[in-house]
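Novice: Using only what follows, build the 3D model:
(one chain, ligands or ions: 3)
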Amino acid sequence: MRLVVQKYGGTSVGDAERIQKVAERLIETQREGARVVAVVSAMAGVTDNLVKLAHAVSPSPSARELDLLLATGEHASSALTAMAVNALGGKAISLTGAEAGILTDDTHLKARIANISPRQIHELLSDDYIVVVAGFQGQSAEGETTTLGRGGSDLTAIALAGALNADACQIFTDVDGVFTCDPRLVTDAQKLDEIAYDELLEMAGAGSKVMQSRAVEFAKKFGIEFEVRSSLKSVSGTVAKEETPSMEDVVVRGVSLERRQAKLTVSGVRDQPGIAAAIFSTVAASHIVVDMIVQSAPTDGVTDISFTIHQDELEDARKILMPIVSQIGASHLRTASGMAKLSVVGIGMRSHSGVAARLFECLGRSGINIQLISTSEIKIALVIDENDAERAAQLTHVEFGLASLAPAASATRPLG
Ligand code: ADP
Ligand code: ASP
Ligand code: MG
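Specialist: Ligands and ions are numbered 1, 2, ... in the order given. You can find the predicted model right below:
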């Protein structure tokens, strides 16, 4: 018999009525002849509220207590979903992450899955239960509750699909699939029928929060195909899978935007070994996540090093960097918040030239200033003023013909 893993996000289980709709879909899937494992997120807004409450009672809540607290959001939604299935005459049982056999390392708040022992799930499935697993959580070897990072129910679903050797993994959400750009930002963004793991990974890492990037990374590593689709409509969504040769025909698959970025520039730095290490080891020791790093070409033996971080970490970064700036003999530290990162992503960039030039021309024509540029094989990322961000995403979307995904997208020259 087919085994299907279905994940429902926060909006999809956002109130009693939606939970009942999810319950109906679970029963219907079982009636169609499948064994069903559901993974649910906390009801919309619950995790954010719990985080707020924690900070209201403590200036620095411990990661252990936060994990115990945050896991309750998914406990509630999984129990409610099982109750709703049972009330409709179905047969369901809810399990916490630990009961579902999800073993993690002991890194509170961003634990990694170490192993899954799905024995209990298999037993319950053989007894015809719909098994509803609380997403986003697991248990360390010491028996501590851990969570898998924000958006982590995606990872629970993908990892369970892998461990159970599921025939299908469906990620139900509040949009119809993965779009060429966030449909809330660009109204004529198009739903993609398919996307390569690498493209979705780059998009997720560049601010498209439709999937958690660690979940996509896991899917890619173990070759777990999944579909992102709507929990509100019965339409097919976007299949994320290993790339196929024809996927390279589309140069730009999507545009992502990440807001609330800050740029820091250490200027007048001597061009010698060990300087970059001094700056970035200090930043890393404070657990501040650095994104883009750009070093300018040296003039008269001195250079500038710029990098970006999340705007909320700017004050901390400034405090820890000030002493380093004088220690390494740099002339000063300049900082700017209110930045955004715009990224264009597509595996077609490997075999087509001229994408960067076309992107820069498009933004230049519209008076949008580019402050930093970084590239990978399948991505071009730019730092721009946050006030220009939405317009830049819309212009880029039009420039690369993403609304139609046909002629304009292939107007760049194939290489070779
Ligand atoms: P869930 O609660 O179901 O996990 P999320 O809020 O985490 O849902 O992710 C879905 C949201 O992702 C959508 O509502 C949409 O605004 C946003 N999003 C960002 N980029 C994209 C994209 N390229 N395609 C689809 N949705 C996107
Ligand atoms: N509830 C968690 C969050 O809001 C996990 C998830 O929704 O996937 O991040
Ligand atoms: Mg999500």
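Novice: hey, let's count contacts and neighbours off CA atoms from now on
Specialist: OK.
Novice: what helix or strand does T146 sit in?
Specialist: Per DSSP states H and E, T146 falls inside strand 145-147.
Novice: That strand - which strands sit beside it in the sheet, and in what orientation?
Specialist: Sheet pairing for strand 145-147, assigned by DSSP bridges, gives strand 137-140 (antiparallel).
Novice: State the mean pLDDT of the partner strand.
Specialist: In this model, strand 137-140 has a mean pLDDT of 98.
Novice: about what we covered before: name the residues of whichever helix or strand comes after the strand holding T146 that are buried.
Specialist: Moving toward the C-terminus from strand 145-147, the next helix or strand (DSSP H and E) is helix 153-163. Residues of helix 153-163 classed as buried by neighbour count (16 or more other CA atoms under 10 Å): 153-162.
Novice: now the angle from the lengthiest helix in the chain to helix 153-163?
Specialist: Longest helix in the chain, counting residues (DSSP state H): helix 63-87. Angle, helix 63-87 to helix 153-163, by axes from the mean of the first three to the mean of the last three CA atoms, to 10 degrees: 70 degrees.
Novice: what packs against helix 63-87?
Specialist: Judged by 3 or more CA pairs under 8 Å, 6 or more residues apart in numbering; DSSP states H and E, helix 63-87 is in contact with helix 16-31, strand 34-40, helix 46-57, strand 92-95, strand 130-134, strand 145-147.
Novice: In TSV, list these along with mean neighbour count, distance to ligand 1 and mean pLDDT.
Specialist: Formatted as TSV, the helices and strands packed on helix 63-87 follow (neighbours: other CA atoms under 10 Å; distance: least, CA to the nearest ligand atom, whole Å; pLDDT from 0 to 100):
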stretch	mean neighbour count	distance to ligand 1	mean pLDDT
helix 16-31	19	12	98
strand 34-40	27	9	98
helix 46-57	14	11	98
strand 92-95	22	19	98
strand 130-134	29	13	99
strand 145-147	30	15	98
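Novice: Adding distance to D167, write the ones you listed out as CSV.
Specialist: Formatted as CSV, the helices and strands packed on helix 63-87 follow (distance: least, CA to CA, whole Å):
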stretch, distance to D167
helix 16-31, 13
strand 34-40, 9
helix 46-57, 30
strand 92-95, 20
strand 130-134, 16
strand 145-147, 26
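Novice: Would you mind telling me which of these is nearest A276?
Specialist: For these, the distance to A276 is smallest for strand 145-147, at 33.3 Å, taking CA to CA.
Novice: quick one: that closest one to chain centroid distance?
Specialist: Centroid separation between strand 145-147 and its chain, computed with CA atoms, centre = their mean, to the nearest Å, is 19 Å.
Novice: if I pick A163, what's in contact with it?
Specialist: A163 is in contact with 116-118, counting by CA atoms under 8 Å, 6 or more residues apart in numbering.
Novice: For it, give me the pLDDT.
Specialist: For A163, pLDDT reads 98.
Novice: Same check on A297?
Specialist: pLDDT, A297: 91.
Novice: ok, now R413?
Specialist: Looking at R413, its pLDDT reads 54.
Novice: same deal with S353?
Specialist: Listed pLDDT for S353 reads 89.
Novice: Spatially nearest residue to the residue nearest the centre of the chain (excluding sequence neighbours)?
Specialist: Closest residue to the average C-alpha location of the chain: Q212 at 3.1 Å, with CA atoms, centre = their mean. With CA to CA, 6 or more residues apart in numbering as the criterion, Q212 has its nearest non-adjacent residue at 5.4 Å, and that residue is G151.
Novice: got a list of what that neighbour touches?
Specialist: Going by CA under 8 Å, 6+ apart, G151 touches 136, 211-212.
Novice: ok, of the residues you listed, which one's closest to ligand 1?
Specialist: Of all the contacts of G151, ligand 1 sits closest to M211, with 6.2 Å by CA to the nearest ligand atom.
Novice: show me the contacts for that closest one.
Specialist: So M211 contacts 151, 154, 204 (CA under 8 Å, 6+ apart).
Novice: Kindly recompute the last result at 10 Å.
Specialist: Shown in contact with M211 (CA atoms under 10 Å, 6 or more residues apart in numbering): 151-155, 171, 173, 178, 200-201, 203-205, 228.
Novice: Dump the residues you listed to a markdown table, plus distance to ligand 2.
Specialist: Output for the contacts of M211, formatted as a markdown table (distance: CA to the nearest ligand atom, whole Å):
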| residue | distance to ligand 2 |
| --- | --- |
| G151 | 3 |
| G152 | 4 |
| S153 | 4 |
| D154 | 6 |
| L155 | 8 |
| I171 | 11 |
| T173 | 10 |
| V178 | 16 |
| L200 | 17 |
| L201 | 16 |
| M203 | 17 |
| A204 | 14 |
| G205 | 15 |
| V228 | 14 |
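Novice: Generate a ChimeraX selection restricted to the buried entries among these.
Specialist: Buried residues among the contacts of M211 (16+ other CA under 10 Å), as a ChimeraX selection:
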select :151,152,153,154,155,171,173,178,200,201,203,204,205,228
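Novice: wait, does stretch 33-40 contact ligand 2?
Specialist: No. Applying CA under 6 Å from any ligand atom, one finds stretch 33-40 separated from ligand 2 by no less than 7.9 Å.
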